[in-house]
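> Here is a sequence with its predicted model. Questions after.
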Amino acid sequence: MDNSIVGTSTMPLSATHFNISERIDGDTPVKLANKNGIKTTDIIKINQKKYERKVKKVKLSARSELDIFEWSKCGFANNNYWISPDADKLPRIDVSQVSREDFIMKYEEPVLPVVITGCTKDWAAETKWNKEELLRNYARHKFKIGEDDKGNPVRMTFKYYMYYLETEGFKDDSPLYIFDSSFGRRGKPKKANVEELKRKNLRPKSKECLLKDYKVPTYFDDDLFRFTGENRRPPYRWFILGGERSGTGIHSDPLGTSAWNTLLVGHKRWCLFPPSTPRKLIDPKQKDHEAVTWFTCVLPKLLEVHEGRNKSLAEEYGMIEALQRPGETMFVPGGWYHVVMNLDFTIAVTQNFCSPTSIEQVWLRTRNARPKLAQKLLSKIIRFEKSSTDDDGDTEVSETESEEDGADVRRLNVETAKRAFSSSAANATKVAVLGAAGGIGQPLALTLKQNELISHLSLYDIVNGPGVAADLDHIDIDGKVTGYTPDNDGLKHAITDATIIVIPAGVPRKPGMTRDDLFNTNAGIVRDLANAAAQYAPKAHMAIISNPVNSTVPIVSEIFKKHKVYDPKSTKKEKITVVGGHSGVTIIPLLSQTSSNFTDDELKALTHRIQFGGDEVVKAKAGSGSATLSMSYAAARFVNSLLRALKGESGIIEPAYVRSPLFESKGLEYFASNVELCHDGVGKIHDLGPLNQYEKQLLEAALPELKKNIAKGVDFVHK
């Protein structure tokens, strides 16, 4: 971290901020509902009976599983959720001292969260967003505080909500929370009693005026989703206000978007997790999805250091805690999981956005989840690019075009957007299948032909490679298909410029054959193909299917080492669902980490079937082949995951047999476990997690056999 751009971790609080809450040195919060003793009823009249009827209806609608009297049954109001400022390790930067370019380079591109100070310097919200002013301006407006069982919004009149916080919310386990995305939409405000407004000196205003009280921080104002139009894009900005213990449960932002959250009043506690964190670990099944429940029930388990381990799960997976203070803006990169809880009365605004830096990842996810929206975004970007470039290459846009796209044109990097959206860039990926005419190769090639991330499918085999290619080329799916045999340097042409090379080549296992029998034939085939790949495609990502995988992966690695082009991030194999290795006792199913419970007999029977599933298929096919179709499917799935990761999508975790540090101390260079894929290939290699006693026994039995398999492959290259 460049200390020159890290600002102070504490920002002076203005008088406005102190109207609601303040902190003193140390860990103890000093809560001040308001220093001047102003209550909601001092500003506007509250009809008690009407209030009771309204709040009961709202509570039952927002959480129908709870009785009106059960909202405080857990006693969470008695807990202290504040953390020491020392626990906050997130860096701070000052927006006036760090340029946009430095922010992108140091935080947005490497996908790292950061807290930004100074964004609210010229905001009217600094003085307008407090209890008294908001009540005077918006007392009769209805804000969204949740959804009912059918997904319909549940709204509450603001004056009743503020009165609720004073009379009930302070004792509720998880208080009602204003999280309103409609505050910027046009609409007529509800008519108010003019005489009462005059008497109380109130000013009727539209919620739309809240938009005028703040402006998007300079780092985030180039939001490409503006091109879809204000009415077409998903909800993306929220006015948020609530009391202590309210908040949002664990989640990552939709469609891979990033987010910024600026706090005007109060304090928020954050926990953030990198995209590679297993979702089921941080979001287990529990009675509700409330933030306070997560901090009470889930976080303590993540912070616990189990016997035999030197780190907690929170440390292992890179959890970051932060205490957000008034005037600070939190940047949450796309894909990061986060949970947020208010520690006192808070007022904030937050927006999701898609910048030119993250457009590829966001568009890929949008294409899968919202294809029509993705197409709209694509057409608008292309239209903008075509119409806004003059003869000198400068970009401009007409006033009509700007209004139609829903925003003024800011700093859109046309080349970035053009690369991200053009089919030639988004799909410009060559994948080579070596052994494409075999029992695995043909169905694998058929499956890959349907993958829109592949622009060129290159097929090679000693016979029938061109025939398989010709057959696939008749399928009416875009993409080039070529076929090669050894003639005329066919292998060289097949793999040159390939991004991924998949090797299913070799003979299948037949009844009575051992994996040693397979090794004698397939080792030489894999060696020769690896030699060619090291010469003509040294940067390609290698996915090895040829058996015995426990030995063939080390063969490929050793060949690449001999050619001095070895990169452990580039060695992959097919998708698997277990850890350890690929055959017999080296396969270790981690059944204890599932949600199912098994008897001892069921556990042993299921483990044996998983370990020797290949034998089952070989016997069933009675000599006509091995598990070719399931392996083809697994390989195709893994290739698709790898392609998505290479395109910049984060949070993709697959089991893979790779060069691994997990058991290097025991002499094993390779091991299969969960691996986070990234733009370089292999990213973070996860450990095995908690094992039960039976799985520990399986591991002890697997290691010696796996060590022999690896040595066999390595020795084959060097003999």
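Received it, and whenever you're ready, just let me know what you need. Numbers count the residues shown, from 1 in each chain.

> now the strands: where do they sit in the stretch 1-150 of the chain?
Under the criterion DSSP state E, counting those that start in this stretch, the stretch 1-150 of the chain carries strands at the ranges 21-23, 29-31, 92-94, 114-117, 142-147.

> roughly how far out does the third one sit from the chain middle?
For strand 92-94, the separation from the chain centroid amounts to 24 Å (computed by Cα atoms, centre = their mean, to the nearest Å).

> Show me what counts as buried in that strand.
By neighbour count, and taking 16 or more other Cβ atoms under 10 Å as the criterion, the buried residues in strand 92-94 are 92, 93. In short, each C-beta sits where N, CA and C put it, glycine included.

> Same check on stretch 533-543?
When burial is assessed from 16+ other Cβ under 10 Å, stretch 533-543 yields the following buried residues: 533, 534, 536, 537, 540, 541, 542, 543.

> Now do the same for the fifth one: its pLDDT.
The predicted local distance difference test score for residue 540 is 90.

> how far away is it from residue 501?
Between residue 540 and residue 501 the distance, using Cβ to Cβ, to the nearest Å, works out to 5 Å.

> can you check residue 292 too?
Separation of residue 292 from residue 501 (Cβ to Cβ): 50 Å.

> And residue 520, by the same measure?
The span separating residue 520 from residue 501 equals 23 Å under the rule Cβ to Cβ.

> between these two, who's got more neighbours?
Neighbour tally, residue 520 and residue 501, criterion other Cβ atoms under 10 Å: the higher count belongs to residue 501, 28 against 11.

> tell me the SS of that one?
strand (DSSP: H, G, I helix; E, B strand; the rest coil).

> Do you have the helices of the stretch 251-400 of the chain handy? List them.
For the stretch 251-400 of the chain, the helices identified by DSSP state H, counting those that start in this stretch occupy 279-282, 291-293, 299-303, 313-316, 359-369, 371-387, 399-404, in order along the chain.

> again with the stretch 1-150 of the chain
Using DSSP H, counting those that start in this stretch, the helices found in the stretch 1-150 of the chain span residues 15-18, 40-43, 48-62, 100-103, 125-128, 131-138.

> between these, which gets nearest to residue 568?
Ranking the helices of the stretch 1-150 of the chain by distance to residue 568, with Cβ to Cβ as the measure, places helix 100-103 first at 31.5 Å.

> Return the set of buried residues in the closest one.
Buried positions in helix 100-103, judged by neighbour count with 16+ other Cβ under 10 Å: residue 103.

> One more: stretch 288-296?
Counting neighbours by 16+ other Cβ under 10 Å, one finds that the buried residues in stretch 288-296 are 290, 291, 292, 293, 294, 295, 296.

> again with stretch 100-120
When neighbours are counted by 16+ other Cβ under 10 Å, the buried residues of stretch 100-120 are found to be 103, 106-108, 111-120.

> Stretch 136-148 too?
Of the residues in stretch 136-148, those with enough neighbours to count as buried (16+ other Cβ under 10 Å) are 136, 137, 138, 139, 140, 141, 142, 143, 144, 145, 146.

> Count the residues that sit near the nearest residue to residue 284 once chain neighbours are set aside.
Distances taken as Cβ to Cβ, 6 or more residues apart in numbering put residue 298 closest to residue 284, at 6.5 Å, once the chain neighbours are dropped. Applying other Cβ under 10 Å, we find 19 other residues in the vicinity of residue 298.

> Would you agree residue 298 is in contact with residue 285?
No - taking contact to mean Cβ atoms under 8 Å, the distance of 10.7 Å between residue 298 and residue 285 leaves them out of contact.

> Apart from its chain neighbours, what residue comes closest to the residue nearest the centre of the chain?
Compute the mean C-alpha point of the chain, and by Cα atoms, centre = their mean the closest residue is residue 335, 2.6 Å away. In this structure, residue 335 finds its nearest non-sequential neighbour in residue 275, 3.4 Å apart by Cβ to Cβ, 6+ apart.

> so the one you found makes contact with residue 111?
Yes - because the distance of 7.4 Å satisfies Cβ under 8 Å, residue 275 is recorded as touching residue 111.

> what do the two both touch?
Shared contacts of residue 275 and residue 111 (Cβ atoms under 8 Å, 6 or more residues apart in numbering): 334, 335, 336, 650.

> Torsion angles phi and psi at the last one?
Phi and psi for residue 650, reported as degrees, to the nearest 10, are phi -100, psi 170.

> residues touching it, list them.
Applying Cβ under 8 Å, 6+ apart to residue 650 gives the contacts 111, 256, 275, 276, 334, 335, 361, 678.

> who wins for neighbours among those residues?
Counting neighbours by other Cβ under 10 Å, residue 334 leads these with 28 neighbours.

> Distance from the chain centre to the longest helix seen in the chain, please.
Longest among the helix segments of the chain by residue count, using DSSP state H, is helix 693-718. From the chain centre to the centre of helix 693-718 is a distance of 34 Å (Cα atoms, centre = their mean).

> Can you list the buried residues in that helix?
Within helix 693-718, the residues that qualify as buried are 695, 698-699, 702-703, 705-707, 709-710, 712-714, 716-717, counting by 16+ other Cβ under 10 Å.

> Not counting its own residues, what contacts stretch 696-713?
Surrounding stretch 696-713, the residues in contact under the criterion Cβ under 8 Å, 6+ apart are 519, 523, 548, 550-555, 558, 580-581, 583-589, 607, 663, 666-671, 688, 691.

> quick check: mean pLDDT across it?
Computed over stretch 696-713, the mean pLDDT rounds to 91.

> Which one of the buried residues of stretch 288-296 is nearest to residue 83?
Taking Cβ to Cβ as the measure, residue 83 lies nearest residue 295 of the buried residues of stretch 288-296, at 10.0 Å.

> where's the closest one relative to residue 537, distance?
Computed as Cβ to Cβ, the residue 295 to residue 537 distance reads 50 Å.

> Give me the phi and psi angles of residue 681.
phi 120, psi -110.

> Mind pulling up the pLDDT for it?
Taken from the predicted model, the pLDDT recorded for residue 681 is 86.

> hang on, it packs against residue 542?
No - using Cβ under 8 Å, residue 681 makes no contact with residue 542, being 9.3 Å away.

> Need the nearest residue in space to residue 108, chain neighbours excluded.
The shortest distance from residue 108 to any residue other than its chain neighbours is 4.8 Å, reached at residue 357 (Cβ to Cβ, 6+ apart).

> wait, isn't the one you found in contact with residue 107?
No - at 9.9 Å, residue 357 does not count as touching residue 107 under the criterion of Cβ under 8 Å.

> picking up where we left off before, ok, now which ones touch the residue nearest to residue 335?
Counting by Cβ under 8 Å, 6+ apart, the residues that residue 275 touches are 111, 252, 334, 335, 336, 337, 650, 651, 676.

> for it, phi and psi?
Main-chain dihedrals, residue 275, degrees, to the nearest 10: phi -60, psi -20.

> Make 53 the first number, not 1, from now on.
Done: numbering now begins at 53, and the last item shifts to residue 327.

> From residue 413, how far off is it?
Using Cβ to Cβ, one obtains 10 Å as the distance from residue 327 to residue 413.

> Next secondary structure after the helix or strand hosting residue 576?
Taking DSSP states H and E as the definition, one finds residue 576 inside helix 567-588. Past helix 567-588, heading to the C-terminal end, the next element that is a helix or strand (DSSP H and E) is strand 593-596.
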